[in-house]
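Novice: Have a look at this fold, sequence not included:
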Ligand code: KG4
Ligand code: ZN
């Protein structure tokens, strides 16, 4: 039994083929990063149009890599929430069309639940119950996960997502887009204690985050409060120190909130997903915390932690339960 899954929620057009184990047979991702770089952020209309151009070739490549013919696909899965509505609609429309044409069931998958399921997929064994933590460009959110499909929201960000803060700070520092990898590289040469940036909710038991103040603190430290847009970005040691101090402040909060979530729920497993987990300093800090607390940490490899369609293998769990989507399935931009 083969599944074909589609992902078009943001700026990656992705398709994957997996079987009902689930075993991933192909995982193809076409990134639009170059299209959005000059705007220093994802432009929704450009993302949707690029999905339209890229989706059919990406599906074709996923099928060929898996050595599976379209007529042998027995189920279509699609991330229909959350994300940019125009972008999501491209994947959802294509998935409905394929389900009708092939006369096979359609399964709607939540992109955030998939990010956590990526850990299950990579581990190849059960990881539930666990604390699920998704830290990406669009989300910074903690869950109590009973199983792959039963998640209770513990808390999330009140404003910017952590990855979004990296992207905005990279723009302030003149480092380009996406911000995560460039800030990480710059931070490696800097002093994380050079600036004492705010760590929102750090000593607060609420499992909430706020990164917009941190981003503004970087801006004000650099330019004072009367900033003029014409000012050049910093260079040299100052830039590295700002990057390192920003990253340290963000990660202190991320790691502390994971630790609090584990403590408050009594769970002994932590599954982390989303693009920001690509950061080596964050991985190390989480590993150190998990070792100290005696909890098991699950982190997927890069190919499963940034946006992809293979993580939608969560659809197999829904398929087993007979949870199929109607053919009037809609794209839902907000996380419910
Ligand atoms: O999960 P993802 O690919 O897409 C979303 O669903 O948002 O995450 C992308 C985000 C971007 O904000 C990017 O700056 C961030 O992940 N990111 C990183 C790193 N690599 C990517 N943040 C910090 N350090 C990194 N090395
Ligand atoms: Zn994502």
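Specialist: Great, that's in hand. Because the structure is predicted, anything quoted here is derived from the model rather than measured. Ligands and ions are numbered 1, 2, ... in the order given.

Novice: can I assume residue 264 sits in a helix?
Specialist: Yes: the assignment for residue 264 (DSSP: H, G, I helix; E, B strand; the rest coil) places it in a helix.

Novice: so who does it touch?
Specialist: 154, 205, 207 (C-beta atoms under 8 Å, 6 or more residues apart in numbering). For glycine as for every other residue, the C-beta is placed from the backbone atoms N, C-alpha and C.

Novice: Can you find the helix or strand in this protein with the smallest mean pLDDT?
Specialist: helix 33-37 (a mean of 87; mean pLDDT, DSSP states H and E).

Novice: For residue 222, pull up the helix or strand it's in.
Specialist: Residue 222 is part of helix 212-223 when elements are defined by DSSP states H and E.

Novice: which other helices and strands contact that helix?
Specialist: helix 162-172, helix 236-265 (3 or more C-beta pairs under 8 Å, 6 or more residues apart in numbering; DSSP states H and E).

Novice: so how far is the last one off the chain centroid?
Specialist: What separates the centre of helix 236-265 from the centre of its chain is 17 Å, taken as C-alpha atoms, centre = their mean, to the nearest Å.

Novice: out of the contacts of residue 264, which are inside strands?
Specialist: Among these, the members falling in strands are residue 154 (criterion: DSSP state E).

Novice: Buried subset of the contacts of residue 264, written for ChimeraX?
Specialist: In ChimeraX, a selection of the buried entries from these looks like this (16 or more other C-beta atoms under 10 Å):
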select :154,207
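
Novice: Let's have the contacts of residue 264 in JSON lines, adding pLDDT and distance to residue 277.
Specialist: Conversion of the contacts of residue 264 to JSON lines gives the following (pLDDT from 0 to 100; distance: C-beta to C-beta, whole Å):
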{"residue": "154", "pLDDT": "98", "distance to residue 277": "18"}
{"residue": "205", "pLDDT": "96", "distance to residue 277": "24"}
{"residue": "207", "pLDDT": "98", "distance to residue 277": "18"}
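
Novice: so who does the closest residue to ligand 2 within the stretch 151-300 of the chain touch?
Specialist: Nearest residue of the stretch 151-300 of the chain to ligand 2 (C-beta to the ion) works out as residue 274 at 5.6 Å. If a contact means C-beta under 8 Å, 6+ apart, then residue 274 has 115, 134, 135, 136, 139, 163, 305, 306 as its contacts.

Novice: can you check residue 164 too?
Specialist: 137, 138, 211.

Novice: can you narrow those to ones near ligand 1?
Specialist: Near ligand 1, judged by C-beta under 6 Å from any ligand atom, the entries from the contacts of residue 164 are 137, 138.

Novice: can I get the contacts of residue 164 in JSON lines with pLDDT?
Specialist: As requested, the contacts of residue 164 are exported to JSON lines (pLDDT from 0 to 100):
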{"residue": "137", "pLDDT": "91"}
{"residue": "138", "pLDDT": "91"}
{"residue": "211", "pLDDT": "98"}
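
Novice: For ligand 2, tell me which of the contacts of residue 164 show up nearby.
Specialist: For ligand 2, no contacts are drawn from those by C-beta under 5 Å from the ion.

Novice: Out of the contacts of residue 164, which comes closest to residue 290?
Specialist: Proximity to residue 290 was ranked across the contacts of residue 164 by C-beta to C-beta; first place goes to residue 211, at 22.7 Å.

Novice: Now the one residue in the stretch 51-200 of the chain that gets nearest to ligand 2: closest residue in space that isn't a chain neighbour?
Specialist: Scanning the stretch 51-200 of the chain for the residue nearest ligand 2 gives residue 136, at 4.5 Å (criterion: C-beta to the ion). Of all residues not flanking residue 136 in the chain, residue 274 sits nearest, at 3.2 Å (C-beta to C-beta, 6 or more residues apart in numbering).

Novice: Would you confirm that residue 181 contacts residue 278?
Specialist: Yes: assessed by C-beta atoms under 8 Å, residue 181 is found in contact with residue 278 at 7.2 Å.

Novice: Give me the common contacts of the two.
Specialist: What both residue 181 and residue 278 touch, as defined by C-beta under 8 Å, 6+ apart, is an empty set.

Novice: in what helix or strand does residue 281 lie?
Specialist: helix 280-293.

Novice: what do you get for residue 58?
Specialist: Using DSSP H and E, residue 58 falls in helix 44-66.

Novice: Run the chain-centre distance for that helix.
Specialist: 19 Å.

Novice: List the pairing partners of whichever helix or strand comes after that helix within its sheet, with orientation.
Specialist: Downstream of helix 44-66, the first helix or strand assigned by DSSP H and E is strand 73-81. Partners of strand 73-81 in the sheet, by DSSP bridges, are strand 2-7 (parallel), strand 106-110 (parallel).

Novice: could those strands go into a markdown table alongside mean neighbour count and mean pLDDT?
Specialist: Below are the strands paired with strand 73-81 laid out as a markdown table (neighbours: other C-beta atoms under 10 Å; pLDDT from 0 to 100):
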| stretch | mean neighbour count | mean pLDDT |
| --- | --- | --- |
| strand 2-7 | 28 | 98 |
| strand 106-110 | 23 | 98 |
